[in-house]
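J.: what follows is a predicted protein model with its sequence.
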Amino acid sequence: MRIDILSAVPGLLEGPFSDSIVKRAKEKGLVEIVVHNIRDWSTDKHKKIDDEPFGGSAGMVLTIQPIADAIASLKSERAYAEVIFLTPDGEQLKQGAVNHLSMQGNLILLCGHYKGIDQRIREHLVTREFSIGDYVLSGGELAAAVLTDAIVRLIPGVIGDEQSALTDSFQDNLLAPPVYTRPAEYNGWKVPEILRSGDHKAINEWLEEQAVERTQALRPDLFEKDS
Ligand code: 6GU
């Protein structure tokens, strides 16, 4: 899978993909992540990528030309399953959509900035729009990093223990049960006895019960909604 990220501030995306699981996935050749500066496609003599909004509201708007040319140029090289725009007024990102995207082909992620992007890009070039929550970020870059991380960890072979991505919180609409490691006692704080019992059937039942209880207590909405 290849993920191309279009941004006006590509420096914001230097950190998130150069460590940990995403870094390993890139090194194993399981994903290719390419960050592009929208400005590189601007045909303006000053490499301008934004302009004042028609109608005169505050802030600047990303213009069509550099973004349309960037997308056309990428599409001339390979096929893309989706062109995703990260925006606070997009569909709220849930695990179900991430699972789906991790099984698609190549993706283009477009990051908005300033007051937004010309609406015609959204109408004619973008195929899906996601928000990562009800709060406002300065731009779509951090959201694109969140989406990329969530997708990449699901690509087969990325996480060593095949089980581990499937047992994440949210995969079955349940929060994950608590985990413990050595020492079995610290400062008088004890690991639940059952986890040290060696009775795998009883342990699995306990973990399931904990997941249900935690979800009921912390996120009862997960029982009602699709993810
Ligand atoms: Cl995708 N973009 C911005 N700018 N703010 C956000 C967001 C996205 N998701 C939540 N807040």
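T.: That came through fine.
J.: alpha carbons only for contacts and neighbour counts from here, please
T.: Will do.
J.: how is this protein divided into domains?
T.: 2-152, 167-226 (automatic domain parsing).
J.: ok, the nearest residue to residue 9 once chain neighbours are set aside to residue 190 distance?
T.: Once flanking residues are discounted, residue 9 sits nearest to residue 37: 6.9 Å by CA to CA, 6 or more residues apart in numbering. From residue 37 over to residue 190 the distance is 52 Å, taken as CA to CA, to the nearest Å.
J.: ditto for residue 153
T.: Counting by CA to CA - residue 153 and residue 190 are separated by 32 Å.
J.: residue 198 too?
T.: From residue 198 across to residue 190, the span is 16 Å (CA to CA).
J.: if we can go back for a sec, got a list of what the residue nearest to residue 9 touches?
T.: Residues in contact with residue 37, defined by CA atoms under 8 Å, 6 or more residues apart in numbering, are 6, 7, 8, 9, 10.
J.: can you select the buried ones from those residues in ChimeraX?
T.: Applying 16 or more other CA atoms under 10 Å to the contacts of residue 37, the buried members can be selected in ChimeraX as follows:
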select :6,7,8,9
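J.: now go through the contacts of residue 37 and say which are in strands.
T.: Those of the contacts of residue 37 mapping onto strands are 6, 7, per DSSP state E.
J.: within reach of the ligand, which of the contacts of residue 37 are there?
T.: Near the ligand, judged by CA under 6 Å from any ligand atom, there are no entries from these.
J.: now the contacts of residue 37 as TSV including distance to residue 186 and pLDDT?
T.: Shown next, in TSV, are the contacts of residue 37 (distance: CA to CA, whole Å; pLDDT from 0 to 100):
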residue	distance to residue 186	pLDDT
6	48	98
7	47	97
8	49	96
9	46	95
10	45	97
